[in-house]
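Participant: could you look at this predicted model? Sequence included:
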Amino acid sequence: MSNPIQSVRGMNDCLPDAADTWQAFEAIVRDWLRRYGYREIRTPILEHTGLFKRAIGEVTDIVEKEMYTFVDELNGESLTLRPEGTASSVRAVIQHNLLYDGGKRLWYTGPMFRHERPQKGRYRQFHQVGVEALGFAGPDTDAELIVMCADLWRELGIAPTLQLNTLGDHAARQRHRARLIAHYEAHRDVLDADAQRRLHSNPLRILDSKNPAMQAINDAAPKLMDELEDEALAHFDAVQQRLHASGIAYEINPRLVRGLDYYNRTVFEWVTDQLGAQGTVCAGGRYDGLIAQLGGKPAPAAGFAMGIERLLALVDAGGRALETAAPDAYVVHAGAAAEAYAWQVAAVLRGAGLAAILHCGGGSFKAQMKKADASRARYAVIIGDDEAAAQQVTLKPLRGTGEQTRVELALAIDYLNNATT
Ligand code: ATP
Ligand code: MG
């Protein structure tokens, strides 16, 4: 029996210190998305299981073995904790006819659930920020998605590298698929169990195999690039031109096929070698068929999703220090009159936008100062009966070398706003 007073394996608590970092990251991300004109969409964490089967595809790692699926005992429906955000976003867009007046730029964030083997950078509850540009067909959109990622990396002080590929369109993929099956059938003896199983259902995914024994046969496999039609090639060229113009370096990786079935044309991943095996921090591409596949009026689409845990690990390994806000003041007080005034002081400080912790629970001055120190606050705001009578406060810097000083309350606000200690 597992211990019920332990979090579920692969699902982590985010304690206050970490949550400070997450909030700093989220603030940067929200502002970045705002500047690109993206708007947030929030969808439920539970969806009908059929949504993910139809969107992601039956023969994918996610649907085959990673989904948290259960029967709602109250009505017998099969439900699934979302393993990713695109299916739900597209479902909501169709359900609410959001594309009726043209394309939409949407983003989402939140927990995703996949029953994988937990390890560094791979969890059963993890978090993504994702972006969907729905209703836009052109290569300009694909390129902008990539450029905007690069912009965020700059801001976070990290430098993952870009891998790029094109999957072409349906007909080219069908031709390639037939050739792949022929290739793998001719080498049946070296196929591993996964490959055997996928040979007819999803041979493209065999190329994605991480099994070293499959390396040679995958290297010799027919290339999708050789099947691509002019239109898809022109689209890919146009994406690359814009990347050149924006000064974004990339590597074309013909083996990049993405784990999900719904991609076509442009696909990309941002990868790093700083995180061990879990090196993909962001992945995306175009998925023009998905909206129609889910029953919507056909419309093109492209997007990406980034893994927040992996990104934060990369930032931690040498990116920008994500500032975490310590409280400005910890208000200590001794005596009944002082306490009444301390309440006023705290209210005034908060009204001025400062973070003020009011000491609660009484205790000696010394004990209160200990709490003030432990609170990480920049200043102790000390109030005795004297200060209360004079409507003043004593400010004691808790970090740095500043001097203790006694000032009018109004001046204290300036002090706390400007002080850098
Ligand atoms: P992987 O090959 O690592 O399993 P994936 O192709 O399944 O990744 P996507 O479905 O494309 O991943 O998800 C986008 C991003 O979300 C990934 O690039 C990664 O950063 C993050 N991610 C995916 N699965 C997990 C997980 N189990 N734990 C933490 N982050 C994850
Ligand atoms: Mg995966």
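Facilitator: Sure thing, it's come through. Ligands and ions are numbered 1, 2, ... in the order given.

Participant: now do the contacts for residue 86.
Facilitator: With contact taken as C-beta atoms under 8 Å, 6 or more residues apart in numbering, residue 86 is in contact with 55, 130, 132, 260, 262, 287, 290, 303, 305. From N, CA and C alone the C-beta is placed, and that goes for glycine too.

Participant: what distance do you get for the closest residue to residue 229 other than its chain neighbours to ligand 1?
Facilitator: Counting by C-beta to C-beta, 6 or more residues apart in numbering, residue 172 is the residue found nearest to residue 229 once chain neighbours are left out, at 5.7 Å. To ligand 1, residue 172 is 22 Å away according to C-beta to the nearest ligand atom, to the nearest Å.

Participant: then residue 172 would be within a helix, right?
Facilitator: Yes. Residue 172: assigned to a helix according to DSSP: H, G, I helix; E, B strand; the rest coil.

Participant: touching, it and residue 226? I think so.
Facilitator: No. Taking C-beta atoms under 8 Å as the definition, residue 172 is not a contact partner of residue 226, at 9.2 Å.

Participant: quick one, which of the two is more surrounded?
Facilitator: Higher neighbour count among residue 172 and residue 226: residue 172, with 21 against 11, using other C-beta atoms under 10 Å.

Participant: quick one: residues contacting that one.
Facilitator: 224, 227-229, 232.

Participant: for the stretch 1-150 of the chain, what lies in contact range of ligand 1?
Facilitator: Counting by C-beta under 6 Å from any ligand atom, the residues of the stretch 1-150 of the chain lying close to ligand 1 are 84, 114, 116, 121-123, 126, 128.

Participant: quick check: beta-bridge partners of the residue in the stretch 301-421 of the chain that ligand 1 sits nearest to?
Facilitator: Distance from ligand 1 to each residue of the stretch 301-421 of the chain (C-beta to the nearest ligand atom) is smallest for residue 307, at 2.4 Å. Judged by DSSP bridges, the bridge partners of residue 307 are residue 128.

Participant: ok now do it, which residues does it touch?
Facilitator: Residue 307 neighbours (C-beta under 8 Å, 6+ apart): 121, 126-128, 280-282.

Participant: tell me what the helix or strand hosting residue 109 is packed against?
Facilitator: Applying DSSP states H and E as the criterion places residue 109 in strand 104-113. With contacts defined as 3 or more C-beta pairs under 8 Å, 6 or more residues apart in numbering; DSSP states H and E, strand 104-113 has these neighbours: helix 16-35, strand 39-40, helix 86-95, strand 125-134.

Participant: what does that strand contact?
Facilitator: Residues external to strand 104-113 that are found in contact with it (C-beta under 8 Å, 6+ apart): 26, 29, 33, 36-43, 45, 67-68, 81-85, 88-89, 93, 98, 124-135, 308.

Participant: 7 Å - rerun?
Facilitator: Applying C-beta atoms under 7 Å, 6 or more residues apart in numbering, the set of residues contacting strand 104-113 from outside is 33, 37-43, 45, 68, 81-85, 89, 93, 98, 124-135.

Participant: can you turn the buried part of the contacts of residue 172 into a ChimeraX selection?
Facilitator: To isolate the buried members of these in ChimeraX, using 16 or more other C-beta atoms under 10 Å:
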select :224,227,228,232
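
Participant: closest one of the contacts of residue 172 to residue 199?
Facilitator: For the contacts of residue 172, the minimum distance to residue 199 (C-beta to C-beta) is 16.9 Å, reached by residue 224.

Participant: so what's the closest one up against?
Facilitator: Contacts of residue 224 were listed using C-beta under 7 Å, 6+ apart, and they are 167-168, 172, 176.

Participant: want to try JSON lines for the residues of the stretch 1-150 of the chain next to ligand 1, with distance to residue 189 and pLDDT as columns?
Facilitator: As requested, those are arranged in JSON lines below (distance: C-beta to C-beta, whole Å; pLDDT from 0 to 100):
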{"residue": "84", "distance to residue 189": "35", "pLDDT": "97"}
{"residue": "114", "distance to residue 189": "32", "pLDDT": "98"}
{"residue": "116", "distance to residue 189": "30", "pLDDT": "96"}
{"residue": "121", "distance to residue 189": "34", "pLDDT": "95"}
{"residue": "122", "distance to residue 189": "32", "pLDDT": "97"}
{"residue": "123", "distance to residue 189": "37", "pLDDT": "98"}
{"residue": "126", "distance to residue 189": "38", "pLDDT": "98"}
{"residue": "128", "distance to residue 189": "40", "pLDDT": "98"}
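
Participant: show me the two of these that sit farthest apart.
Facilitator: Using C-beta to C-beta, the two most remote members of those are 84 and 121, lying 16.4 Å apart.

Participant: how far away is residue 249 from ligand 1?
Facilitator: Residue 249 sits at a distance of 19 Å from ligand 1 (criterion: C-beta to the nearest ligand atom).

Participant: phi, psi for that residue please.
Facilitator: Per-residue torsions, residue 249: phi -80, psi 150 (degrees, to the nearest 10).

Participant: quick one: residues contacting it.
Facilitator: Residue 249 touches residue 162, counting by C-beta under 7 Å, 6+ apart.

Participant: likewise for the one 4 residues further on?
Facilitator: Contacts here follow C-beta under 7 Å, 6+ apart; on that basis residue 253 touches 163-165.
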